[in-house]
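>>> Provided below for reference: sequence and predicted model.
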Amino acid sequence: MTPDLGIATPESFGLRAGILSQAETLAQSLSSIAPTACVAMGIPLVIAASGPSAWLANLVATVAILLVAANINVFASDSASPGSLYGFIRTDLGPWAGSIAGWSLLIAYVGTASAVIGGIVQYAQTLAPGQPPQMAVSIALILCSVLAAAAFAYRNVELSARFMLWIECISVAAIVLLFVFPSPADKLSWDPRQFSPPVFHLTPVGAGLVLATFSFVGFESSTALGTEAKAPLTTIPRALLMTVLFSGVFFVFCAYAEVAGFGNKLSEVASSRAPLQVLADLKGLHWIAPIIAAGALTSFFACTLASITAAARIALLMSKHGLIPKSLGRAHERHRTPYAAVLATSIATLLPAVALTVWQVSAFDLYGWMATVSTYGFITAYVLLLVAAPVHLFRRQKLSAPKAALSAVSLIFLIGVCIGSLSSGSVGPGKWLAPAYLALLLCGCGFQVLFSTSPAAS
């Protein structure tokens with residue numbers, strides 16, 4: 001008999017148990033980060049903030065996220081469920097903390113899926129240069145992308161995982177090719193500017209640290225495959241660490257190579273919305289620009305698919321706990337996927353992307369706004385998880401001073417990142433993103449109070 005730890009037997013969810021290999025489990029977390037997409041639109045922002053210190057900011061962020069991953073693995077090595085961090089937090093901090101984590105993760109994954117749809121529209125434009133696409137064309141791209149992702153998530157989780165893994169492998173290879181391919185104009189070599197004393201000062205590193213940390217959000221999404229992964233107590237913890245290590249090394253390398261490639265024209269990184277294409281032109285590699293754009297576009301799509309996959313499984317478990325309608329807890333009898341939750345999260349992904357496009361928000365701003373809102377959701381869940389980790393260890397008589405310090409250091413870092421984001425001086429619509437996230441979270445909790453059958457609502 002399974003104890004009530006926010007976890008149920010695989011059969012109780014109607015999902016296929018133990019079908020995803022280590023590589024397929026890794027694909028879920030890797031695609032949620034979307035390394036190629038981050039290099040295309042995230043790393044340039046870090047470079048704009050930190051300049052030659054960008055590689056160091058990414059290195060510090062990698063170490064910090066490894067600490068967070070170690071805390072998540074406190075739970076992931078003990079138990080598995082389709083509820084991701086929501087199930088873990090509910091276990092040790094109670095129903096209300098769990099429900100806050102659940103709603104914050106739903107906002108985070110749906111927001112991420114919607115954000116990267118903006119990336120799809122942005123990079124589709126680079127494949128067909130000229131005037132910005134008409135609104136009807138942008139909406140058609142959004143609809144096709146979400147429908148395709150929903151179809152994959154609805155049909156087969158194995159097929160989805162393999163598809164995401166191949167997409168990321170091909171996309172990463174295209175990025176590396178851009179940086180290492182020798183050209184008459186430039187080749188990757190030692191850049192002494194990036195190791196001069198000013199690079200190691202706190203101010204430039206700190207300026208890009210918040211953005212570098214944001215590149216990793218979503219890395220924990222393989223924890224949502226607790227039912228479907230083979231030997232989840234080992235494959236999921238490995239997937240988390242492998243995702244952070246691979247992505248971190250890739251981000252550090254790309255930041256270094258991009259700064260070296262632009263040389264004295266580093267200001268063009270900040271002014272361009274497709275800096276990798278600009279870099280390809282600077283290196284005289286015009287033929288590789290469409291390959292990079294296609295790689296980034298498919299990586300954005302893989303991230304959409306991974307985010308819908310994770311959100312649907314969190315919604316499934318929340319439904320089982322009575323926090324959202326029971327109808328969202330249904331699994332398809334033949335495909336053994338949470339089809340009702342997949343459809344619901346796909347619609348939730350579609351609505352803000354279409355609405356902002358109709359309001360003539362650019363694809364670049366759609367990406368930035370929705371990614372920022374989703375990041376607040378991830379950080380909320382991470383903070384709750386870091387509070388829950390020492391509680392979990394204490395209850396099992398495994399808590400030690402080093403483990404408590406690990407949680408404390410990770411928590412201090414995340415709170416610092418959040419404060420840094422809030423104090424970054426956003427202007428215009430950007431200043432409303434944090435209140436918008438808070439309003440969405442309060443709406444979720446309010447829905448729970450009014451309609452939930454969970455003990456937390458009583």
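Everything's here; your move.

>>> How about the contacts made by the closest residue to residue 309 other than its chain neighbours?
Here the nearest residue to residue 309 in space, its sequence neighbours aside, is residue 153; by C-beta to C-beta, 6 or more residues apart in numbering that works out to 5.1 Å. Any C-beta I mention is one placed from the backbone N, CA and C, and that applies to glycine too. Residue 153 is in contact with 160, 305, 308-309, 312, 337, 342, 346, counting by C-beta atoms under 8 Å, 6 or more residues apart in numbering.

>>> Residue 35 - how many residues pack around it?
Other residues lying near residue 35 total 26 when counted by other C-beta atoms under 10 Å.

>>> picking that back up, so which of the contacts of residue 153 sit within helices?
Taking DSSP state H, the ones among the contacts of residue 153 that sit in helices are 160, 305, 308-309, 312, 342, 346.

>>> other SSEs contacting the strand or helix carrying residue 412?
Under the assignment given by DSSP states H and E, the secondary-structure element containing residue 412 is helix 401-422. Counting by 3 or more C-beta pairs under 8 Å, 6 or more residues apart in numbering; DSSP states H and E, the packing neighbours recorded for helix 401-422 are helix 54-76, helix 202-214, helix 363-395.

>>> sorry, back to before: of the contacts of residue 153, closest to residue 16?
Distance from residue 16 was checked for each of these by C-beta to C-beta. The minimum falls on residue 337, at 8.2 Å.

>>> For the closest one, give me its contacts.
By C-beta under 8 Å, 6+ apart, the neighbours of residue 337 are 15, 153-157, 312, 331.

>>> again, but for residue 168
Residues touching residue 168, when contacts are defined by C-beta under 8 Å, 6+ apart, comprise 27, 30-31, 34-36, 299, 302.

>>> Please pull up the helix or strand immediately following the least confident helix or strand in the chain by mean pLDDT.
When the helices and strands of the chain are scored by mean pLDDT, DSSP states H and E, helix 267-271 comes last with a mean of 69. The C-terminal neighbour of helix 267-271 among helices and strands, as given by DSSP H and E, is helix 275-282.

>>> In that next one, which residues are buried?
When neighbours are counted by 16 or more other C-beta atoms under 10 Å, the buried residues of helix 275-282 are found to be 275-280, 282.

>>> Could you report the separation of the residue positioned nearest the centre of the chain from residue 413?
The residue at the geometric middle of the chain, judged as the C-alpha nearest the mean C-alpha position with C-alpha atoms, centre = their mean, is residue 218 (3.0 Å). Computed with C-beta to C-beta, to the nearest Å, the distance linking residue 218 and residue 413 is 18 Å.

>>> With residue 384 instead?
15 Å.

>>> Show me the shaky parts of this structure.
1-12, 128-133, 157, 159, 183-187, 270-271, 273, 421-430, 451-458 (pLDDT under 70).

>>> go with 50
Within the chain, the set of residues satisfying pLDDT under 50 comprises 1-12, 457-458.

>>> ok so, going back, the contacts of residue 168 in strands, which ones?
When strands are assigned by DSSP state E, not one member of those lies inside them.

>>> Check those against residue 54 and report the nearest one.
Nearest to residue 54, judged by C-beta to C-beta, of the contacts of residue 168 is residue 35 at 15.5 Å.

>>> For the spatially closest residue to residue 433 that is not a sequence neighbour, give its distance to residue 432.
Nearest residue to residue 433 in three dimensions, chain neighbours excluded: residue 372, at 4.7 Å (C-beta to C-beta, 6+ apart). Counting by C-beta to C-beta, the separation of residue 372 from residue 432 is 10 Å.

>>> Could you double-check that residue 281 sits in contact with residue 289?
Yes: the pair residue 281 and residue 289 qualifies as a contact (C-beta atoms under 8 Å) at a distance of 6.9 Å.

>>> I'd guessed residue 339 sits against residue 332; true?
Yes: applying C-beta under 8 Å as the test, residue 339 and residue 332 come out as touching, 4.3 Å apart.

>>> Give me the more crowded residue out of these two.
Set side by side, residue 339 and residue 332 show unequal neighbour counts under other C-beta under 10 Å, the larger going to residue 339 at 21 against 15.

>>> how about the more buried one, what does it touch?
Applying C-beta under 8 Å, 6+ apart to residue 339 gives the contacts 154, 330-332.

>>> swap the cut-off to 6 Å and go again
Shown in contact with residue 339 (C-beta atoms under 6 Å, 6 or more residues apart in numbering): 154, 332.

>>> Could you export stretch 214-229 as CSV, CA atoms only?
What follows is stretch 214-229, C-alpha atoms only, in CSV (Å, rounded to 0.1, in the frame of the first residue of the first chain):
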residue,chain,number,x,y,z
PHE,A,214,16.6,32.6,-15.9
SER,A,215,18.1,30.5,-18.8
PHE,A,216,17.9,27.4,-16.6
VAL,A,217,14.3,27.6,-15.4
GLY,A,218,12.3,24.5,-16.3
PHE,A,219,15.3,22.2,-15.8
GLU,A,220,13.3,20.2,-13.2
SER,A,221,10.5,19.3,-15.6
SER,A,222,11.5,15.6,-15.9
THR,A,223,10.3,15.2,-12.3
ALA,A,224,6.8,15.3,-13.9
LEU,A,225,7.6,12.0,-15.5
GLY,A,226,7.8,10.1,-12.2
THR,A,227,5.2,7.6,-13.3
GLU,A,228,6.4,7.1,-16.9
ALA,A,229,10.2,7.0,-16.4
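
>>> Any idea how far that stretch is from the middle of the chain?
Here stretch 214-229 shows a centroid-to-chain-centroid distance of 9 Å under the convention C-alpha atoms, centre = their mean, to the nearest Å.

>>> rewinding a little: skip the chain neighbours and tell me the closest residue to the residue nearest to the centre of the chain.
Computed as C-beta to C-beta, 6+ apart, the closest residue to residue 218 that is not its neighbour in sequence is residue 32, at 3.5 Å.

>>> Verify the contact between that neighbour and residue 222 for me.
No: judged on C-beta atoms under 6 Å, residue 32 makes no contact with residue 222 at a distance of 8.1 Å.
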